[in-house]
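Engineer: Provide a 3D model corresponding to the input given below.
(one chain, ligands or ions: 1)
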Amino acid sequence: MFSFFKNFSSKTINDFSFIGTDIHSHLIPNIDDGCDNLENSLICIEHLKRMGFNKIVTTPHIMASVYPNTPVIINEGLKLLTTALKEKNIQVEIEAAAEYKVDELFTEYLATDNLLTFGDNYVLIELSFVAPPVNLEEVIFTMITKGYKPILAHPERYRYWNDKLHKFEYLKTLGCLFQLNLMSLVGQYGLAAKIVAHKLLSNNLIDFLGTDLHRFEDVNTLQKLLKSNDDFKKIYNSNPLNKLI
Ligand SMILES: [Fe+2]
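Structural biologist: Numbers count the residues shown, from 1 in each chain. Predicted coordinates:
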C-alpha cells in the first residue's frame with residue numbers, strides 16, 4: 001500500500017533524536033518566564049536529553065521593559081548552568097542565544113550589531129501577539145543585509161495571521177525562516193495554533209522545530225507528542241534543519 005510517510009518507521013524512531021538540536025527554550029533560571037530555579041532547569045535539561053536532543057541552544061527572552069536581558073546576563077546564566085551540569089554529570093552540549101521580541105530595544109541592538117546568534121549567524125525573533133510590528137519588513141531586510149539569518153519563532157501562534165498563509169509565504173520570500181513549536185501540534189496553545197501548525201507543515205513552510213520549553217510541565221506535553229503517531233510522522237517528514245546547528 002502506498003504510504004505518504006515513506007521515510008518513517010515507528011519501529012526505529014520514537015524520540016526527537018532526528019531533530020538533534022533544540023533551538024528554542026527558556027532554561028536559564030530566573031531571567032525570564034522560564035525555569036524558576038536551577039534544580040528545575042537541570043531536571044528539564046535531563047529530560048530533553050532523554051527525549052533525544054543532543055544539543056540545546058537555550059534562548060531567554062529579550063524584551064524591552066519586560067525582560068531587558070543582555071549578553072552579559074545570559075552568558076553568566078549559561079556559565080552557572082554548564083557548571084551545574086558538569087557537577088551532576090549530565091552530558092549535553094549547551095549554548096545560549098536569545099529570543100528577541102521585535103521592538104525598540106531589538107532595533108537598537110540590531111543597529112549596533114549587539115545580537116546573540118547561533119549556528120551560521122541565525123537570530124531567533126518573536127513578534128507581539130497583539131499586532132505585527134509596523135517595521136517588520138524593514139527589520140528583516142536590515143537583518144539580512146547585515147548577514148543575519150532571521151528565524152521567526154512559533155509563527156502558528158500569531159492569531160492575526162491565522163487565516164493569512166500568504167503572509168508567511170511573503171515573509172519567506174524576504175528571507176525569513178520559520179520555527180514551529182512542537183507543543184503546538186498537540187494543542188498546547190489552543191486549537192487555532194494547532195490548526196495553523198499543521199497547515200504550515202503541510203505547506204512545507206517550516207524550517208526549524210523547537211520545544212520552547214519553559215517548565216517541567218512542558219516535558220509531559222512533549223511526551224504526548226512522542227506518543228501521537230500521526231503528529232510525530234508529520235514532524236519527522238518535515239526534515240527540519242536543526243542538525244545544521
Ligand atoms: Fe520562547
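
Engineer: which residues in the protein form helices?
Structural biologist: Taking DSSP state H as the criterion, the chain carries its helices at 38-50, 71-87, 104-111, 136-145, 165-174, 191-202, 217-227, 229-236.

Engineer: show me which residues of the third one are buried.
Structural biologist: What it means is helix 104-111. Across helix 104-111, burial judged by 16 or more other CB atoms under 10 Å covers 105-107, 109-110. Where you see a C-beta, it was placed from the backbone N, CA and C, and this is true even at glycine.

Engineer: quick revisit: okay if I get the helices of the chain as TSV plus mean pLDDT?
Structural biologist: As requested, those are arranged in TSV below (pLDDT from 0 to 100):
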stretch	mean pLDDT
helix 38-50	97
helix 71-87	97
helix 104-111	96
helix 136-145	98
helix 165-174	97
helix 191-202	97
helix 217-227	95
helix 229-236	90
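
Engineer: in TSV, list the ones you listed along with distance to residue 17.
Structural biologist: Output for those, formatted as TSV (distance: least, CB to CB, whole Å):
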stretch	distance to residue 17
helix 38-50	10
helix 71-87	19
helix 104-111	33
helix 136-145	31
helix 165-174	27
helix 191-202	19
helix 217-227	11
helix 229-236	11
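
Engineer: which one of these lies nearest to the ion?
Structural biologist: helix 217-227 (10.7 Å; CB to the ion).

Engineer: before we move on, back to that, ok, so of the buried residues of helix 104-111, who is nearest residue 84?
Structural biologist: Proximity to residue 84 was ranked across the buried residues of helix 104-111 by CB to CB; first place goes to residue 109, at 28.2 Å.
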